[in-house]
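In: what would the 3D arrangement of this be:
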Amino acid sequence: MEEETPLTKMAIIRSLLSPSTAPHLLLLVIIASLLHIMAKVGTEQAASFGFISFSVAYILLAPASNKDVFRKLITFEKLEQASFADSMKERLKILVLPLAFGLLLWGIMSFAMGEGNTLSDVGTIIPPALGFLFVAWAAAQGWFFAFATSNSIKSPETGTLKDASAHSPVPSLVTTSTLMIVMTILVTEAFRFGLGNNNFSIWPYVASFAVFAISVRITWPLRQKASTHTATHAVAKRWFHVTQLFITWHVLSIVRSIDSASSNTLIFIEELVLMIFTVFMAIWALTSKADGRKSTLFTKDNALFWGVAFGYGYAGSVAMITSVFDDLTAVLIGGHILVVATVVWAQRSLLDSRINRMFKDFDIKESVESIDIKPQPETLTEENIPEIKSDLSVDGEENVESLGDPVDWNQKPESIGDETNWEEDIELLD
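Out: Next comes the predicted model:
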């Protein structure tokens, strides 16, 4: 069976930035900005309906885009020798279907859940519920990152058990600690000098080391288990490096928010980067399952549409937070804390399943390699038929007729009654 080409991160990035679907990203920026302004001026409920409607519209279009009949309606095909006006017209035509779906759903929600309507009570809780969706995005960000990075680290094809005196996780722990300390120094001091703050603070270092100690304490048994085999040790070491740096980044963001070391502009830029990063990690994990295997529902061809759907949901949650909740900083801090907790928990659960799966695979491989395969019986060929005939002969005479002896097909076969004299009298006994 031919192995499928892995769906890499670069393939997904090229799909997300493809010119054939770029107008959908432009529509996301325009619609999300308008809805954000609506939420700011006091129409949070109508804005929340809009965010949800366009997100659901793209969720419906994403799997449908795998069909040619729908894909032609929502993707742009470059026209040869077309004028700029004709090209722009064709590009805008691919936005008709998502706009129609989004506006239709928005109208239905407004008619059913608006003030004074049948489901008005449900409509009142949608804005805060969409704001709390930021918490779900935070947990999803931590999980998608841990899941994707775990499966993206390839297992070594070979490995051996380590000696009892050699399988210690301490050397790997020292390397991880060094990386964490270097990142803490670089990020903390870069922000301190960049913001013109000459006051040194010890709290970023205390928070980073404290969370790192908690992570080590929770995962220590698995670190010891992984260090007993060279293959699992290599995978666990690389994965702990990546996840611990990710955790440190969020811990430092929490400290900056508490110390008010970051301006609102800096917070907005950081959250925007996190939104893009979260959407990409979600698309990567869902479309490729993070280890190169292809998914039938999430493909590189519809990755853009899933990404836009997630973008509307994330932008809606941030808009509701800034307009519904009074203390934005507290909500953002809560999101960062949830990300840290999710990744620390994933360090234990995902590594446990990965180690067990690798040990099982290596046991199966060693069992297959230890099987003693017996040679098959010798088959008959033209060369070895004379040797077999000589083995079957007795006192130099063959006891088996040759398969190639001539046969007289005109000879009359003997009948059972040929030697019986039917004229003789047969005495019958009473």
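In: can you list the weak-confidence ranges in the stretch 151-300 of the chain?
Out: 159, 163-167, 194-198, 260-268, 271-272, 275, 278, 282, 284-296, 300 (pLDDT under 70).
In: element containing the closest residue to F132 other than its chain neighbours, please.
Out: With sequence-adjacent residues excluded and distances taken as C-beta to C-beta, 6 or more residues apart in numbering, F132 is closest to S317, at 7.7 Å. From N, CA and C alone the C-beta is placed, and that goes for glycine too. In the assignment (DSSP states H and E), S317 maps to helix 303-324.
In: and the next helix or strand after that helix with helix 303-324, angle?
Out: Reading on from helix 303-324 to the C-terminus, the next helix or strand found by DSSP H and E is helix 328-369. Per axes from the mean of the first three to the mean of the last three C-alpha atoms, to 10 degrees, the angle that helix 328-369 makes with helix 303-324 is 150 degrees.
In: report all helices and strands that helix 328-369 contacts.
Out: helix 120-152, helix 203-226, helix 230-259, helix 264-288, helix 303-324 (3 or more C-beta pairs under 8 Å, 6 or more residues apart in numbering; DSSP states H and E).
In: between that helix and helix 230-259, how big is the angle?
Out: Using the same axes, to 10 degrees: helix 328-369 against helix 230-259 is 180 degrees.
In: any idea of the mean pLDDT for helix 328-369?
Out: Taken as a whole, helix 328-369 carries a mean pLDDT of 79.
In: can you tell me the closest non-neighbouring residue to F200?
Out: R192 (7.4 Å).
In: can I get the CA coordinates of stretch 298-305 in CSV?
Out: The C-alpha trace of stretch 298-305 is given here as CSV (Å, rounded to 0.1, in the frame of the first residue of the first chain):
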residue,chain,number,x,y,z
PHE,A,298,-10.8,18.5,8.0
THR,A,299,-8.6,18.7,4.9
LYS,A,300,-6.0,21.2,3.6
ASP,A,301,-8.5,22.3,1.0
ASN,A,302,-11.1,23.4,3.5
ALA,A,303,-8.7,24.5,6.3
LEU,A,304,-9.3,28.2,5.5
PHE,A,305,-13.0,27.8,6.1
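In: can you show me the helices along the stretch 1-150 of the chain?
Out: 9-16, 22-40, 44-64, 68-74, 84-93, 96-113, 120-152 (DSSP state H, counting those that start in this stretch).
In: which of the ones you listed sits closest to I181?
Out: Counting by C-beta to C-beta, I181 lies closest to helix 120-152 out of the helices of the stretch 1-150 of the chain; the figure is 20.9 Å.
In: got the angle for the closest one vs helix 328-369?
Out: Using the same axes, to 10 degrees: helix 120-152 against helix 328-369 is 40 degrees.
In: so helix 120-152 versus helix 44-64, what angle?
Out: Using the same axes, to 10 degrees: helix 120-152 against helix 44-64 is 40 degrees.
In: show me which positions of whichever helix or strand comes after helix 120-152 end up buried.
Out: Reading on from helix 120-152 to the C-terminus, the next helix or strand found by DSSP H and E is helix 170-194. Residues of helix 170-194 classed as buried: S172, L173, T176, L179, M180, M183, T184, V187, T188, F191, R192 (neighbour count, 16 or more other C-beta atoms under 10 Å).
In: check which helices and strands helix 170-194 sits against.
Out: helix 203-226, helix 230-259.
In: quick one: buried residues of the longest one?
Out: Spelled out, it's helix 230-259. So for helix 230-259, counting by 16+ other C-beta under 10 Å, buried means 231-244, 246-257.
In: list the contacts for N66?
Out: Going by C-beta atoms under 8 Å, 6 or more residues apart in numbering, N66 touches T299, D301, N302.
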